[in-house]
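**Student:** Please find the sequence and the predicted model below.
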Amino acid sequence: MAEETTTPTLKEFTLEDVKAHNSASDCWMIISEDGERRVYDVTGFLDDHPGGPEIMIDLAGQDATAEFEDIGHSNDARAQLKLLLVGKVKGDVKQAKPAPGAAGKTVNGRKDVSGNNGPLFLVLAGIVGAVALFLQFGKAE
């Protein structure tokens, strides 16, 4: 018979609860993972953070998902973060991840207009290359 595994129930905190933990001596932050806003107590990690404690203290008591994802943290960093998990935001409903490149994507409550700029990059690279060739070989002697 297969052994059944259960996921422990996470303690729930309101946004107000998390906001109260906003100092170097008591530093919590929210980072979303798998469609769920999770609460982490990072107080004991502040001095060990490779980017320094200041960035984390600046985000204390807040949702730091965008900043965490923008940096591109390693798998080791993500594993270490899991050790600091204390709960989740109360009332959150786990949402499915949107498909990559899904229309209407938002970042920090604003529409993300970054999109795929690959074709634009190729056009600009071609123009720069043409100018460089002209400057190198197009001069009359």
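**Tutor:** Perfect, thanks for sending it.

**Student:** Geometric centre of the protein: which residue is closest?
**Tutor:** Residue closest to the average C-alpha location in the chain (C-alpha atoms, centre = their mean): Glu69, at 2.0 Å.

**Student:** Can you read off the pLDDT for that one?
**Tutor:** Looking at Glu69, its pLDDT reads 90.

**Student:** And Ile30, how close does it get to Phe134?
**Tutor:** 53 Å (C-beta to C-beta, to the nearest Å). (Each C-beta comes from the backbone N, C-alpha and C, glycine too.)

**Student:** Neighbour count for the two, which is higher?
**Tutor:** Shown here are Ile30 and Phe134; by other C-beta atoms under 10 Å, Ile30 has more neighbours (23 against 10).

**Student:** Secondary structure element holding the more buried one?
**Tutor:** Element membership for Ile30 (DSSP states H and E) is strand 26-33.

**Student:** Helices of the protein, residue ranges please.
**Tutor:** Ranges of helices in the chain, per DSSP state H, are 15-19, 53-58, 65-71, 75-82, 118-137.

**Student:** Confidence-wise, which of the ones you listed is weakest overall?
**Tutor:** Minimum mean pLDDT among the helices of the chain: helix 118-137, a mean of 74.

**Student:** In CSV, list the C-alpha atoms belonging to it.
**Tutor:** The C-alpha trace of helix 118-137 is given here as CSV (Å, rounded to 0.1, in the frame of the first residue of the first chain):
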residue,chain,number,x,y,z
GLY,A,118,13.5,39.7,-29.6
PRO,A,119,12.5,41.0,-33.1
LEU,A,120,13.2,44.6,-32.0
PHE,A,121,16.6,43.7,-30.7
LEU,A,122,17.5,42.0,-34.0
VAL,A,123,16.5,45.1,-36.0
LEU,A,124,18.5,47.4,-33.8
ALA,A,125,21.5,45.0,-33.9
GLY,A,126,21.3,45.0,-37.7
ILE,A,127,21.2,48.8,-37.9
VAL,A,128,24.2,49.1,-35.5
GLY,A,129,26.1,46.5,-37.6
ALA,A,130,25.3,48.4,-40.9
VAL,A,131,26.5,51.7,-39.4
ALA,A,132,29.7,50.1,-38.1
LEU,A,133,30.4,48.6,-41.6
PHE,A,134,29.7,51.9,-43.3
LEU,A,135,32.1,53.7,-40.9
GLN,A,136,34.8,51.1,-41.3
PHE,A,137,34.6,50.5,-45.1
